[in-house]
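Fold the following and give me the result.
(2 chains)
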Number of protein chains: 2
Amino acid sequence: MAREGRKGGRRGNADRAGTGIQQLPWRQAHNTYRPMEVVTSEQLEMIHDTSLRVLSEAGIRVMSPTVMDLFEGAGAIVDRDTMTIRIDAEIVDQALKTVPESFDMVARNPDKRITMGGTAMNFGLVAGPPNVHDMIGGRRQGNHADYVNFIKLAHHFNAVTMIGNQVCAPMEMPANQRHLDTYLANITYSDLTFHCTAIGRGRAMDGINMMAISRGITPEQMAETPGVITIISVNSPRLLDEAMTDGLTAMAEHMQPVTITPFTLMGAMTPVTLPAAMAQQNAEALFGVVLTQLVKPGAPVMYGAFTSNVDMKSGAPAFGTPENTKANIIAGQLARRYGIPYRTSNANASNTVDLQATYETMMSTWGAVLGGANLIYHAAGWMEGGLTASYEKFILDVEIIQNMTEFLRPIDFSEAELGLDAIKDVPTGGHFFGSPHTMERYETAFYKPLLSDWTNYENWLANGGHDALHRATALWQRALEEYQAPPMDLAVVEALDAYVARRREEIGTGEP
Amino acid sequence: MAREGRKGGRRGNADRAGTGIQQLPWRQAHNTYRPMEVVTSEQLEMIHDTSLRVLSEAGIRVMSPTVMDLFEGAGAIVDRDTMTIRIDAEIVDQALKTVPESFDMVARNPDKRITMGGTAMNFGLVAGPPNVHDMIGGRRQGNHADYVNFIKLAHHFNAVTMIGNQVCAPMEMPANQRHLDTYLANITYSDLTFHCTAIGRGRAMDGINMMAISRGITPEQMAETPGVITIISVNSPRLLDEAMTDGLTAMAEHMQPVTITPFTLMGAMTPVTLPAAMAQQNAEALFGVVLTQLVKPGAPVMYGAFTSNVDMKSGAPAFGTPENTKANIIAGQLARRYGIPYRTSNANASNTVDLQATYETMMSTWGAVLGGANLIYHAAGWMEGGLTASYEKFILDVEIIQNMTEFLRPIDFSEAELGLDAIKDVPTGGHFFGSPHTMERYETAFYKPLLSDWTNYENWLANGGHDALHRATALWQRALEEYQAPPMDLAVVEALDAYVARRREEIGTGEP
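Purely as a prediction, here's the structure:
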């Protein structure tokens, strides 16, 4: 599979303008509206104060002697027996001084540079599911062929601006080398930045090295403009595994961004109350942020949020709930308080691509957007609470992302757009279809949807009466047909192959 | 049909607590978050200034000599030949002085009083479709049996706080008396306020009289707390039909609220540009507002918005678009500028209850909520751009409304809710399921969904693997089974019957 696609890439990148699926052009989305606030500044300080008391009175357990040494050096109280680190406000404040408010990322296509921070918004491909699903082939275990398809789709649709961690696990490949295959697919079939797995130092370094090779630079040079990112999950409540801190350390040392995301499902990993959940999330996120700055002051880091609730009847996670939506907004208020770029998600908990999947995704997406998120992770393709990557959901999500970015596009208020003369020129009860003001603008006046069908009922029925799910199936198939791999120099292809071959040998049956 | 239901009502209103479909209790929803602003205050003034120039330079055509007299008396420039009325800023400002910022409405159940204005939010049943649809019976012409079913559903679900104009037209009944049948059904099968048809004076007066009878008061007494509302549609661009102004006049004279809603689809009834569309909407809405105050200073009136775009390929209306979403928010900025309660809608343009219907509805709903709408009209059951009332869409919309109202519910920030001790009490890597803090709260901690299914994939599949559309069908059927009519005094039943009988005779084959 991989060889074919890469050859295809070298055959060139024919002009597709006008012939393919209609979509928005590549652009950095910006959210210039005032972010929403669902808690007052006093309430925000209550969350902050509570989280600092969690850090100083309860602390975080970290399974790494190296990290304990680092924190001890910074003045933390370290209990070696329980591996618990307690820090005070001063240590937090000190670290926050060196956190960059914004950073850029780029892969091998300089035109697809993205910004994490300020008003910039980015949307990542779903990450982590063990399964994949489409309406033709049904539900199946993750595999390399589907993995490649999703990378092609992410490359094809401009709405997706970053590849998350393993869109699905290629289960047929050895678990200890799988990251090499997925990195290679990311780099070959797309020109987007990607998430590299930071479970241990080896996997993180492989991602850093391979991205640097693809850009024709050294990992040291890549420190200037990062090319990969990772998510460090806190094993909530208040636990950081050693593999996680090792991965974090490797990334921060090389100035590649780390997103600290506590896994805080209310009722399970935090108390059931939203203020407590936010306080715990904040404590855990700040702790990780501090760690990045202890490893390397100035290292790029993001404030990650994943606070939702569980179904208290079954313990099952729920997403896109009113509580999740509020949490997405409050987390944005917190991230801005500290001046840290903000990552959250727009998940849903439905088992199939249906009304529930859609309204839950819209709830969490609006929460993320109104919260001023710089990165919406899992933004395209997430199903079953993260257990399945769905082709049809991917298409649905691209439509949702396009709707949101168009909603966020500023409005032109020139005199011509205010259109007083145009209004006066059409008689009462008349229409504007043929007016010169309309004729000059009608082709670009409105957002043209990807998935919506606006024909009337009779025509819709005559055309087959297909609902949006059915149309989504046709769209991802067509996109895969239209897909063209981004070109890559033969020297880069060879260098990547050589790197992967060497690393496969080194890893053997051991851990990377 | 009607007799059965009404007898059912008189049999009493058994306690349904805990036995029926789980839903949120009846309450006035409030949106206490700061409304969103997508245009600056300078841009808002540009819209305002342009709209005043539309009113003073182009004017509005009104097909009513009475209205021309009224405006002439107020200092407007009236061209009797073209029936065009031009007004200046002074006339507008004068009228705005007497517009109430907020008003209450109530039907025959004093516990279901609603507020239109301030932070209050209300959700109306879909209004006006010629067709109905459900997944069992398919698509069919509107009829009285379906009409009654929808009123029962609106009464059953607390999410719906008002009945809009004819949820579907009962086509088998004479068009000139149909309003009597639908009013009677509204009053019999629900205890909600409703929209009365204001196409001409007769239909408006019948609504006012019948609501007053059901409350056991006179129409004069009902002026204090209105019981019915109407929408006066402007036949955009810039045209008000005589039947509309007659209906408006009857309502305003009796201090029953009128919503002035320009029918402004960009590209068809307005220019394609959003600033121009908003300026035209604003001109037409303000004109109607002024008319209400000329009829009766202090008459309750709402600023109505219905600005969306058409599909420029086909001319078909589109809803839930990014442009529609922005328009919903800008209209709220305008309504607040003038201190007028604000009505908008959350429409979609899908031909079936699918992903498109859901994301478009969510776009327009969020626009309405973020715009600070006091009344979201068509909020439950709207399909096919308004041509069909859908049972399954009704259930979907109730879920969406419940999600939004829960999202808007303020968060308790007491010390117990901040939960520092609860966080500290659970060991690192542990869980909160059994903690006392959780146990005290878990039953009410989170919103319990109506339609969402949060079981895991295997259990969901074992339970039949039904998607949300399928579950919605089961839910409306169950709701109709559980429905209980609100009780009504026999004297009121008889008085209503007598009124309807007399009016049928009076109307005969003529116009009401």
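
What number of residues are in the vicinity of the residue of the stretch 401-512 of chain A found nearest chain B?
At 3.0 Å from chain B, residue A:419 is the closest residue in the stretch 401-512 of chain A, using CB to the nearest CB. C-betas here are computed from N, CA, C, even on glycine. Residues near residue A:419, counting by other CB atoms under 10 Å in any protein chain shown, number 28.

My read is that it contacts residue B:274, right?
No - when contacts are counted by CB atoms under 8 Å, residue A:419 is not listed as touching residue B:274 (9.7 Å).

chain center to the lengthiest helix in chain A, what's the gap?
In chain A, with assignment by DSSP state H, the single longest helix is helix A:274-295. For helix A:274-295, the separation from the chain centroid amounts to 19 Å (computed by CA atoms, centre = their mean, to the nearest Å).

Dump the C-alpha coordinates for it into CSV.
The C-alpha coordinates for helix A:274-295 follow below in CSV (Å, rounded to 0.1, in the frame of the first residue of the first chain):
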residue,chain,number,x,y,z
LEU,A,274,-18.2,20.8,37.6
PRO,A,275,-16.3,23.3,39.8
ALA,A,276,-14.4,20.4,41.4
ALA,A,277,-13.7,18.7,38.1
MET,A,278,-12.4,21.9,36.7
ALA,A,279,-10.2,22.5,39.7
GLN,A,280,-8.7,19.0,39.5
GLN,A,281,-8.2,19.3,35.7
ASN,A,282,-6.5,22.6,36.3
ALA,A,283,-4.2,21.2,38.9
GLU,A,284,-3.2,18.3,36.8
ALA,A,285,-2.7,20.4,33.6
LEU,A,286,-0.7,23.1,35.4
PHE,A,287,1.5,20.4,36.9
GLY,A,288,2.4,19.0,33.5
VAL,A,289,2.9,22.6,32.2
VAL,A,290,5.4,23.2,35.0
LEU,A,291,7.2,20.0,34.2
THR,A,292,7.7,21.0,30.6
GLN,A,293,9.3,24.3,31.7
LEU,A,294,11.5,22.5,34.2
VAL,A,295,12.8,20.3,31.4
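
what about that helix, near chain B?
Yes - part of helix A:274-295 sits near chain B under the criterion CB under 8 Å from any CB of the partner chain, namely A:274, A:275, A:276, A:279, A:280, A:283.

What ranges does the stretch 251-400 of chain A have for its strands?
Ranges of strands in the stretch 251-400 of chain A, per DSSP state E, counting those that start in this stretch, are A:258-262, A:265-266, A:301-304, A:308-310, A:317-318, A:342-345, A:375-380, A:382-383, A:388-390.

Could you dump the ones you listed into CSV with mean pLDDT added?
Formatted as CSV, the strands of the stretch 251-400 of chain A follow (pLDDT from 0 to 100):
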stretch, mean pLDDT
strand A:258-262, 98
strand A:265-266, 97
strand A:301-304, 98
strand A:308-310, 97
strand A:317-318, 96
strand A:342-345, 98
strand A:375-380, 98
strand A:382-383, 98
strand A:388-390, 98
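
Save those strands as CSV, and put in distance to residue A:185 and mean neighbour count too.
Output for the strands of the stretch 251-400 of chain A, formatted as CSV (distance: least, CB to CB, whole Å; neighbours: other CB atoms under 10 Å in any protein chain shown):
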stretch, distance to residue A:185, mean neighbour count
strand A:258-262, 22, 28
strand A:265-266, 31, 26
strand A:301-304, 24, 30
strand A:308-310, 30, 26
strand A:317-318, 28, 25
strand A:342-345, 23, 30
strand A:375-380, 16, 30
strand A:382-383, 19, 32
strand A:388-390, 14, 29
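
Relative to residue B:438, how far out is residue A:270?
Per CB to CB, to the nearest Å, residue A:270 is found 10 Å from residue B:438.

do residue A:37 as well
Using CB to CB, residue A:37 is found at 28 Å from residue B:438.

When the two are compared, which one has more neighbours?
Using other CB under 10 Å, the more surrounded residue of residue A:37 and residue B:438 is residue B:438, with 23 against 18.

May I see the buried residues of the helix or strand containing that one?
Here residue B:438, judged by DSSP states H and E, is contained in helix B:436-439. Residues B:437, B:438 are the ones in helix B:436-439 that count as buried (16 or more other CB atoms under 10 Å in any protein chain shown).

For it, give the mean pLDDT please.
Per-region confidence: helix B:436-439 scores 97 on mean pLDDT.

just to revisit the earlier point, want to try CSV for the residues of helix A:274-295 next to chain B, with pLDDT as columns?
Formatted as CSV, these follow (pLDDT from 0 to 100):
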residue, pLDDT
A:274, 98
A:275, 98
A:276, 98
A:279, 98
A:280, 98
A:283, 98
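
Please report which of these has the highest neighbour count.
Result: residue A:280 is most packed of the residues of helix A:274-295 next to chain B (other CB under 10 Å), 32 neighbours.

Now it: closest residue in space, sequence neighbours ignored.
residue A:270 (4.6 Å; CB to CB, 6 or more residues apart in numbering or on different chains).

bridging residues for that neighbour?
Bridge pairing for residue A:270 (DSSP bridges) gives the partners residue A:266.

Quick check: neighbours shared by residue A:270 and residue B:438?
residue B:432 (CB atoms under 8 Å, 6 or more residues apart in numbering or on different chains).

Can you report how many residues lie near residue A:196?
Neighbour tally, residue A:196, other CB under 10 Å: 30.

Residue B:334: which of the strands of the stretch 251-400 of chain A is closest?
Smallest distance to residue B:334 across the strands of the stretch 251-400 of chain A (CB to CB): 30.6 Å, for strand A:375-380.

one step back: which elements pack onto the helix holding residue B:438?
helix B:420-425 (3 or more CB pairs under 8 Å, 6 or more residues apart in numbering or on different chains; DSSP states H and E).

hmm, who's touching the helix it packs on?
For helix B:420-425, contacts defined as CB under 8 Å, 6+ apart pick out A:50, A:53-54, A:57-58, A:237, A:270-271, A:273, A:276, A:279-280, A:283, B:432, B:435-438.

Settle this for me: residue A:119 is touching residue A:28, isn't it.
No - at 9.5 Å, residue A:119 and residue A:28 do not qualify as touching, with contact defined as CB under 8 Å.

Quick check: the gap between the residue of the stretch 251-400 of chain A found nearest chain B and residue A:283.
Nearest residue of the stretch 251-400 of chain A to chain B: residue A:276, at 3.0 Å (CB to the nearest CB). Separation of residue A:276 from residue A:283 (CB to CB) stands at 11 Å.

and what of residue A:434?
With distances taken as CB to CB, residue A:434 is found 62 Å from residue A:283.

Give me the neighbour count for residue A:81.
Number of residues near residue A:81 (other CB under 10 Å) recorded here: 5.

The one 4 residues further on now?
Number of residues near residue A:85 (other CB under 10 Å) recorded here: 27.

Now residue A:137: phi and psi?
In terms of degrees, to the nearest 10, the main-chain angles of residue A:137 are phi -90, psi -10.

How about residue A:414?
When read as degrees, to the nearest 10, the backbone of residue A:414 gives phi -70, psi 170.

Count residues in the vicinity of it, would you?
Residue A:414: 10 neighbours (other CB under 10 Å).
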